[in-house]
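3D, please:
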Amino acid sequence: MFKNLWRYFVSFRMDEFTSLRNYVSRFITFTEEEWRVHQSILARRFLKKGEFVLRAGEICNHVTFLNKGFVRVYNIVNDEELTANFGFEGNYVTDYTSFVSRQPSLDYIVAMEDLEILQLNYVDMQLAYEKYPVWQKFGRLIAEYILIFATERSRSLLFLSPEERYLKLMKDRPKVIANVPLKYIASYLGITPEALSRIRKRLTEG
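As a prediction, the model looks like this:
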């Protein structure tokens, strides 16, 4: 009996980190020791729909991996919510600028459905960087990935028409189209919900 319980516990612990391990493996190769150290400093949390991973005014102290569920990242400008991004399970979400600079965030990160997350805090990350160079490499690669995404998004808003932005979103991020309410998609594209409805109608009729 106890042997079966132990096997269940071990498999549960493995399953809990499988998605993250697969994600990290896309960027770096690590030893079992390096992985165990990384896994040991992760905190597992559960949030309900509508709860916040981060609020504007707080210093972002965690890099958050989404095991289950998805989030919306937004800012408030002139009392209006402007959607900046979405994060889905199997990916990280954070305010990297606040995390690195230790300055208050401008972002709200809110659960769009119930979440299971794994969080790595700033202090533990710095210690891991010092002891294991492989995690320094991973941090650098993730930072480059974030920079590329931010640059592409800025260029999209500057150079593409609203319809082109919508088509690009459909191609590159189908999970957004399938899961996110239209009003938030419209905000992310920088247009009104009415304009998005017209675009969708044109594409359907065409």
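
mind listing the strands for the chain?
Here the chain has its strands, by DSSP state E, at 43-47, 52-54, 62-68, 70-77, 80-88, 92-93, 108-111, 115-121.

so what's the residue lying closest to residue 68 once chain neighbours are set aside bridging to?
Distances taken as Cβ to Cβ, 6 or more residues apart in numbering place residue 116 nearest to residue 68, at 4.1 Å, with adjacent residues excluded. (Each C-beta comes from the backbone N, C-alpha and C, glycine too.) Bridge pairing for residue 116 (DSSP bridges) gives the partners residue 46, residue 68.

where does residue 116 land on pLDDT?
Note for residue 116: predicted pLDDT of 98.

How many neighbouring residues does it have?
Residue 116 has 16 neighbouring residues, counting by other Cβ atoms under 10 Å.

Let me see the domain layout of the protein.
Domain segmentation of the chain under automatic domain parsing yields 2-151, 160-206.

quick one: which of those has the weakest pLDDT on average?
Taking the mean pLDDT of these, domain 2-151 comes last: a mean of 91.

Relative to residue 118, how far out is residue 132?
From residue 132 across to residue 118, the span is 18 Å (Cβ to Cβ, to the nearest Å).

With neighbour numbers in mind, choose between the two.
Legend: neighbour count by other Cβ under 10 Å for residue 132 and residue 118, higher for residue 118 (20 against 17).

Please look at that one and residue 67 and confirm they touch.
Yes - taking contacts as Cβ atoms under 8 Å, residue 118 lies within contact range of residue 67: 6.0 Å.

can you list residues touching both of those two?
Counting by Cβ atoms under 8 Å, 6 or more residues apart in numbering, the contacts common to residue 118 and residue 67 are 16, 20, 44.

Among the residues you listed, which one has the most neighbours?
residue 20 leads these on contacts (other Cβ under 10 Å) with 21 neighbours.

From residue 104, how far out is that residue?
27 Å.

how far away is the spatially most central residue of the chain from residue 34?
Closest to where the C-alpha atoms of the chain average out (Cα atoms, centre = their mean) is residue 93, at 2.6 Å. Distance, residue 93 to residue 34, using Cβ to Cβ: 23 Å.
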